[in-house]
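Engineer: fold the following for me, if possible:
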Amino acid sequence: MGSKFGSDFVPQGTQQERVELYSYEYLKVATRIAQARPGQRWWGAGVVLWWAMAAWLCLAAVSAEAAEGPLQPACAGSPGAIAVSWSGAALASSDVVAATLSRTQGGLPFALATAPAGAGRVTVRGLAGGRRFWVSLRAHAASAVSLATGWTNLSGSFACTTPTGLPAEPGAPRRRRREDAGGMPSRFTLMVRESEYTDEVDFLDNHNAADTNGLAAFVTNTVHGPLNRTGPAAFAPVPITQYCVEHLLPGSLDDNGGFADYASCNAPEAGCYPVPGWEQRCPLALPTCSCWNFADRIIGHQTAAQMAPQCGVCQRGPGGEGPPLCSNPPSFGPQGQLDGRFPQCNCTAAPGVNATFLNASSPTASYVGRAPIFLPYGPGVGPWMPPEAYPPSKRCGNKLSLLKKRSCAEGVPLGTDGCTWRRLSVARVVYGAELTAAGWEWWRPSPEHRGHNTTAVTLHNAAVLEKVLGDDSWMEPLELSC
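Structural biologist: Numbering: from 1, shown residues only. Next comes the predicted model:
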């Protein structure tokens, strides 16, 4: 209801416009008070005070807005690329901004590009001409310990169109060449990762990744942790992200093909298996890496003799069934992760579980690590224990490990502050639903793969993943620029 000295006035518009309107109303009220009878002036004075406080608060808001500024996203399309920019945003508490690209408004992103928050701009190249892309901006909190979490939305989606025509240099080679970083040779490696414990892209810090064959082998043959992603419905929203990573080479190129030994990240040894309290022992925001573990060594077809120095000597359980009996204690805690069936594999002579921590001076702790994946997957048949020799097998692909402590800060050259690997800005994203629609075949493994050989279905799924990543009319394959 209105009053004799004012009204239910709720100004709209910009902060400056609201201040001007408040000031105008204030003058009107003050004039009415001056013209009012003496008995009404005390009440009118209170109204004047209210309007004065409202105007002061608006002025303070205008000052804050001038200092921080609303987010002002913009984009510019050119043949084969779009440049996304932002300005005026209060990003003092952010370290990275990500621009996500979707084919439809509100659709899932099929690509993303990151840049330092202070850069104000990121460019995505290799895009089809004559297309309208929907772009959204997200900011990552500098206080978060990993890029896996700590993201907030900066903007809604806005359209950006690439003109028709060829890029400015259509004949220029797009594949990156090996470069020197501080006098040391580097390599560009294309890799993919399936997000764990989340349906968001969880990046690479303290995570494992793989080549396309290796990831297809893992997803085909693994019952997935707390989300149990086996089957089309559960797998549908899961992002599989493809990255290009530049990394330094540890020592001789003949040493594991230019990679360090592998580290197992977010493994049960780190307390990351879905048992009561796993969220506290290994939160999503703080992924953990440890010594190459027992299961990963079997997937890499290490024999009993090769595993014994780190994992102990194992024998089959009673009657040849159940978990192996090993000289090293079970690596999993008292809650019964995986029934405690695998022994602890050690990197050092430290007591207890500390022996699984990586030796800080080892190449594994400083460089991108790699381990092979063979088919048949794991032991092929029989219990998961190291045999003296594996049945005839072929190398299917590779797993990779990337430790956060040697990752480069966003946007800096390789070798800066001793960093040994950096993720390039642009990444490609596909989802489980796309793979299923393209012909992905599901096979739910038995607990010990007894009697199953999944080589054929694994290779089929690897081809499906390769096709979905590389056959997109909206964006050229990432491998052309890696």
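
Engineer: run through the stretch 201-350 of the chain and note the low-pLDDT ranges.
Structural biologist: 223-231, 252-255, 267-286, 317-323, 331-341 (pLDDT under 70).

Engineer: the strands in it, which residues?
Structural biologist: 207-210, 239-248, 260-261, 263-265, 289-291, 314-315, 325-326 (DSSP state E, counting those that start in this stretch).

Engineer: Gly439 is nearest to which of those?
Structural biologist: Taking CB to CB as the criterion, Gly439 comes closest to strand 239-248 out of the strands of the stretch 201-350 of the chain, the separation being 15.3 Å. C-beta here means a position set from N, CA and C on the backbone, and glycine is covered the same way.

Engineer: which strands border that closest one, and is each parallel or antiparallel?
Structural biologist: Strand pairing for strand 239-248, determined by DSSP bridges: strand 184-194 (antiparallel), strand 421-423 (antiparallel), strand 426-431 (antiparallel).

Engineer: restrict that strand to CA atoms and write it as CSV.
Structural biologist: Only the C-alpha atoms of strand 239-248 are listed here, as CSV (Å, rounded to 0.1, in the frame of the first residue of the first chain):
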residue,chain,number,x,y,z
PRO,A,239,32.1,-38.3,-20.2
ILE,A,240,35.2,-39.7,-22.0
THR,A,241,37.5,-36.8,-22.7
GLN,A,242,40.4,-36.7,-25.2
TYR,A,243,43.4,-34.5,-24.4
CYS,A,244,46.7,-33.6,-26.1
VAL,A,245,49.6,-33.5,-23.6
GLU,A,246,53.1,-32.3,-24.1
HIS,A,247,55.6,-33.9,-21.8
LEU,A,248,59.3,-34.2,-21.2
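
Engineer: got the domain boundaries for the protein?
Structural biologist: According to the domain assignment given by automatic domain parsing, the chain is divided into the following structural domains: 15-68, 74-161, 180-481.

Engineer: mean neighbour count added to those, as a markdown table?
Structural biologist: Written out in a markdown table, the entries for the domains of the chain read as follows (neighbours: other CB atoms under 10 Å):
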| stretch | mean neighbour count |
| --- | --- |
| domain 15-68 | 14 |
| domain 74-161 | 18 |
| domain 180-481 | 18 |
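
Engineer: could I get the full set of helices for the stretch 301-450 of the chain?
Structural biologist: Listed from the start of the chain, the stretch 301-450 of the chain has helices (DSSP state H, counting those that start in this stretch) covering 304-311, 432-437.

Engineer: adding distance to Asn453, write those out as a markdown table.
Structural biologist: A markdown table is the format used below for the helices of the stretch 301-450 of the chain (distance: least, CB to CB, whole Å):
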| stretch | distance to Asn453 |
| --- | --- |
| helix 304-311 | 21 |
| helix 432-437 | 22 |
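
Engineer: among the ones you listed, which comes closest to Lys404?
Structural biologist: Taking CB to CB as the measure, these were each checked against Lys404, and helix 304-311 came out nearest at 23.4 Å.

Engineer: for the closest one, packing partners?
Structural biologist: When contacts are defined as 3 or more CB pairs under 8 Å, 6 or more residues apart in numbering; DSSP states H and E, helix 304-311 packs onto helix 294-299.

Engineer: what helices or strands is the helix it packs on leaning on?
Structural biologist: When contacts are defined as 3+ CB pairs under 8 Å, 6+ apart, helix 294-299 sits against helix 304-311, strand 369-375.

Engineer: dump these into CSV; add distance to Pro239 as well.
Structural biologist: Supplementary listing: the helices and strands packed on helix 294-299 in CSV, determined by distance: least, CB to CB, whole Å:
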stretch, distance to Pro239
helix 304-311, 33
strand 369-375, 21
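
Engineer: how close does the closest residue to Ala236 other than its chain neighbours get to Arg138?
Structural biologist: Nearest residue to Ala236, sequence neighbours excluded (CB to CB, 6 or more residues apart in numbering): Ala433, at 4.0 Å. Taking CB to CB, to the nearest Å as the criterion, Ala433 is separated from Arg138 by 22 Å.

Engineer: so what's the nearest residue to Ala365 once chain neighbours are set aside up against?
Structural biologist: In this structure, Ala365 finds its nearest non-sequential neighbour in Leu358, 4.5 Å apart by CB to CB, 6+ apart. Residues counted as contacts of Leu358 (CB atoms under 8 Å, 6 or more residues apart in numbering) are Ala263, Cys289, Ser290, Cys291, Cys347, Thr364, Ala365, Leu403.

Engineer: and Leu358, what's its pLDDT?
Structural biologist: In the prediction, the pLDDT value recorded for Leu358 is 90.

Engineer: how near is it to Asn293?
Structural biologist: Leu358 sits 12 Å away from Asn293 when distances are taken as CB to CB.

Engineer: returning to that earlier point: what's the closest of the strands paired with strand 239-248 to Ala83?
Structural biologist: When the strands paired with strand 239-248 are compared by CB to CB, strand 426-431 sits nearest Ala83, at 12.6 Å.

Engineer: strands along the stretch 51-200 of the chain, start to end?
Structural biologist: With DSSP E, counting those that start in this stretch as the criterion, the stretch 51-200 of the chain has strands spanning 74-78, 81-85, 94-102, 109-116, 121-125, 132-141, 151-153, 158-161, 180-181, 184-194.

Engineer: tabulate those strands (JSON lines), appending mean pLDDT and distance to Cys314.
Structural biologist: Below are those laid out as JSON lines (pLDDT from 0 to 100; distance: least, CB to CB, whole Å):
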{"stretch": "strand 74-78", "mean pLDDT": "92", "distance to Cys314": "58"}
{"stretch": "strand 81-85", "mean pLDDT": "95", "distance to Cys314": "54"}
{"stretch": "strand 94-102", "mean pLDDT": "96", "distance to Cys314": "44"}
{"stretch": "strand 109-116", "mean pLDDT": "97", "distance to Cys314": "43"}
{"stretch": "strand 121-125", "mean pLDDT": "95", "distance to Cys314": "50"}
{"stretch": "strand 132-141", "mean pLDDT": "96", "distance to Cys314": "43"}
{"stretch": "strand 151-153", "mean pLDDT": "92", "distance to Cys314": "43"}
{"stretch": "strand 158-161", "mean pLDDT": "96", "distance to Cys314": "57"}
{"stretch": "strand 180-181", "mean pLDDT": "49", "distance to Cys314": "42"}
{"stretch": "strand 184-194", "mean pLDDT": "92", "distance to Cys314": "29"}
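
Engineer: Gly258 is nearest to which of these?
Structural biologist: Each of the strands of the stretch 51-200 of the chain was scored for nearness to Gly258 using CB to CB, and the closest is strand 184-194 (6.0 Å).

Engineer: contacts for the closest one, please.
Structural biologist: Identification of contacts with strand 184-194 by CB under 8 Å, 6+ apart yields 176, 178-180, 202, 204, 207-212, 215, 218-219, 238-249, 258, 368, 400, 414-415, 424, 465, 469, 478-479, 482.

Engineer: may I have it as CSV, with CA atoms only?
Structural biologist: Backbone C-alpha positions of strand 184-194 (Å, rounded to 0.1, in the frame of the first residue of the first chain) are rendered in CSV as follows:
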residue,chain,number,x,y,z
MET,A,184,65.2,-31.1,-23.1
PRO,A,185,63.1,-32.9,-25.9
SER,A,186,59.4,-33.2,-25.4
ARG,A,187,56.6,-35.3,-27.0
PHE,A,188,53.0,-34.7,-27.7
THR,A,189,50.7,-37.6,-26.7
LEU,A,190,47.0,-38.0,-27.4
MET,A,191,45.2,-39.6,-24.5
VAL,A,192,41.7,-40.3,-23.3
ARG,A,193,40.2,-40.5,-19.8
GLU,A,194,36.8,-41.7,-18.5
